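Chemist: how would this look folded up:
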Amino acid sequence: MSPLSHVRPASGATELARVSGAPRPVPVSAAVSAAREQTATVLPLARPPAPSPVPEIPPEVEAVARRVARGALEVMGGTRPLQQMSRLLDARSYERLQLRSNLIRSIHESHGGAATGNALRLHRNVIIRSVRICPITPNIFEGSVVAAEQKRARAIALRIERLRGQWRVTELQIG
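Modeler: Sure thing, here's the model as predicted:
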């Protein structure tokens, strides 16, 4: 015999609640509901706060993002001297780009290729596909750049800050 064979079909909501184990609806008397309506206070809906104004994105910020992305890839490829990037990068980003470009050159030279060989021509024709800029504060912006080379596309993330009146890249990540 099945454990559910002795259960009778429910005839109403109360029966269904009792059989299923669900909580039963609580009957509310007319007096209680009338008392609730009299004591209820209706508050007007408050307007949501106005969104904070989004800082305008100066056109120089996008230009800096484009120049740094193109210049960093050319430095890594050996077609641009690193010193040209000194005005656009802070000291930490400059050192990291120098380290990465030196590592790339040493790897290519250890595999028998010269620094100006075929392997480094990859960074010669850099095309900037898209630039996206997101304001953080009026003086700090974050951006992403998609740059296409001859054989691959790269994503570049950067943080641009206004320091002493000039826009500088304080973080640079090249994928």
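Chemist: tally of neighbours for residue 100?
Modeler: Residue 100 has 15 neighbours, counted by other CB atoms under 10 Å. (Glycine included, C-beta is placed from N, CA and C.)
Chemist: So which other helices or strands are in contact with the helix or strand hosting it?
Modeler: Take DSSP states H and E as the rule and residue 100 turns out to sit in helix 91-110. Using 3 or more CB pairs under 8 Å, 6 or more residues apart in numbering; DSSP states H and E, the elements in contact with helix 91-110 are helix 59-77, strand 166-174.
Chemist: for the ones you listed, which one ends up most surrounded?
Modeler: Most buried of these by mean neighbour count (mean count of other CB atoms under 10 Å) is helix 59-77; its value is a mean of 20.
Chemist: so what does that one touch, helix or strand wise?
Modeler: Checked by 3+ CB pairs under 8 Å, 6+ apart, helix 59-77 has helix 91-110, strand 127-137, strand 140-148, strand 153-163, strand 166-174 packed alongside it.
Chemist: Please convert those to TSV, extending it with distance to residue 63 and mean pLDDT.
Modeler: What follows is the helices and strands packed on helix 59-77, written out as TSV (distance: least, CB to CB, whole Å; pLDDT from 0 to 100):
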stretch	distance to residue 63	mean pLDDT
helix 91-110	17	89
strand 127-137	9	93
strand 140-148	11	95
strand 153-163	10	94
strand 166-174	9	94
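Chemist: Any figure for the gap between residue 55 and residue 139?
Modeler: 9 Å (CB to CB, to the nearest Å).
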